[in-house]
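Undergrad: need a structure here:
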Amino acid sequence: MKLAVINTILLLPLWALSPALAQTRTFVQSQEMALPVGVIHELRVHCGAGSLYITNAEWQDTIRVFAEIEVDNVNQSDGQEFAEKNAILSLDRQGSRAILKSDFKRTFRPPVDARINLTIEVPKAVDVHIDDGSGPIHIQHFSGRLDIRDDSGLITVEKVVGSVKVADGSGKMIMEDIRGDVEIKDGSGSIEVSKIKGDVRVTDGSGIISIQYVDGNVTAADDSGPIDINDITGNVLIREPGTGELNVERVQGEVLIQN
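TA: Have a look, this model is predicted:
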């Protein structure tokens, strides 16, 4: 597959081009990749450090990836060499799946502050599975199933038609305007869930849980941290209320609390 590569050099005043100060710049390299969907039904994203943004592309039958490789505190030549030797960036087909890999080799020395920011356009009805290291994830205007596994970083999912499943280590999570079931397993960090047409299941280690405006059933469990649930059309089951404050209001179905 042929990659289109565009190098971007930050504009600096002349005094900043001295050898002593040149190391304070951020090297940026842009790449674009595309893969026709054909029989592909699922995109699997394996990525390390960096931001991730995913959306549907109207009237498009191709998966398109826009990547920015960023390396801090290097000059242009050193940044180029680092990216060429250490960046892992590929988009390939494996049967009915598309596989996107975005990361850095772990063999370079000394440690370098680098990341790959991704913007992905996916045709409708292509499910997405994400295995992410660190960095914010933002998914919006998406149709299909979502399965997210994340170590740390803010996760925002909004305006989605399809089920959403998230397993997260730490970081804030926002789920809003989703037409499908939502399942969340979280280690720590606040969770905000609202405007859901489907069942919601949340299991949290610590942090604030806020669930509201759900057209379906809600199940929640939390070791520590307050739980706030309101405006639910179905039943509410609290498996483990934990040590935080519990507030449940305006539930049309039954409310059951298991200690």
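
Undergrad: may I ask you to confirm that Gln258 is in contact with Glu240?
TA: Yes: at 7.3 Å, Gln258 counts as touching Glu240 under the criterion of Cβ atoms under 8 Å. Placement of C-beta: from N, CA and C, glycine included.

Undergrad: between the two, tell me which one has more neighbours.
TA: Glu240 (15 against 9; other Cβ atoms under 10 Å).

Undergrad: ok, and the closest non-adjacent residue to the more buried one?
TA: Ala221 (4.1 Å; Cβ to Cβ, 6 or more residues apart in numbering).

Undergrad: extract the CA atoms of the helix or strand containing the one you found and return them as CSV.
TA: According to DSSP states H and E, Ala221 maps onto strand 218-224. C-alpha atoms of strand 218-224 as CSV (Å, rounded to 0.1, in the frame of the first residue of the first chain):
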residue,chain,number,x,y,z
VAL,A,218,-30.1,0.2,34.6
THR,A,219,-27.7,-2.0,36.6
ALA,A,220,-24.9,-0.4,38.6
ALA,A,221,-22.2,-1.5,41.0
ASP,A,222,-19.6,0.8,42.7
ASP,A,223,-17.0,0.2,45.4
SER,A,224,-16.6,3.8,46.3
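
Undergrad: just to revisit the earlier point, just give me the neighbour total for the residue nearest to Glu240.
TA: 19.

Undergrad: so which bits of the helix or strand containing Lys101 are buried?
TA: Element membership of Lys101 [criterion: DSSP H and E] is strand 97-104. Neighbour-count burial for strand 97-104, counted by 16 or more other Cβ atoms under 10 Å, picks out 97-100, 102-104.

Undergrad: which residues in the stretch 151-259 of the chain form strands?
TA: 155-161, 164-170, 173-179, 182-188, 191-196, 200-206, 209-214, 218-224, 227-232, 236-240, 246-251, 255-257 (DSSP state E, counting those that start in this stretch).

Undergrad: before we move on, back to that, against which helices or strands is the strand holding Ala221 packed?
TA: Strand 218-224 is packed against strand 200-206, strand 209-214, strand 227-232, strand 236-240, with contacts defined by 3 or more Cβ pairs under 8 Å, 6 or more residues apart in numbering; DSSP states H and E.
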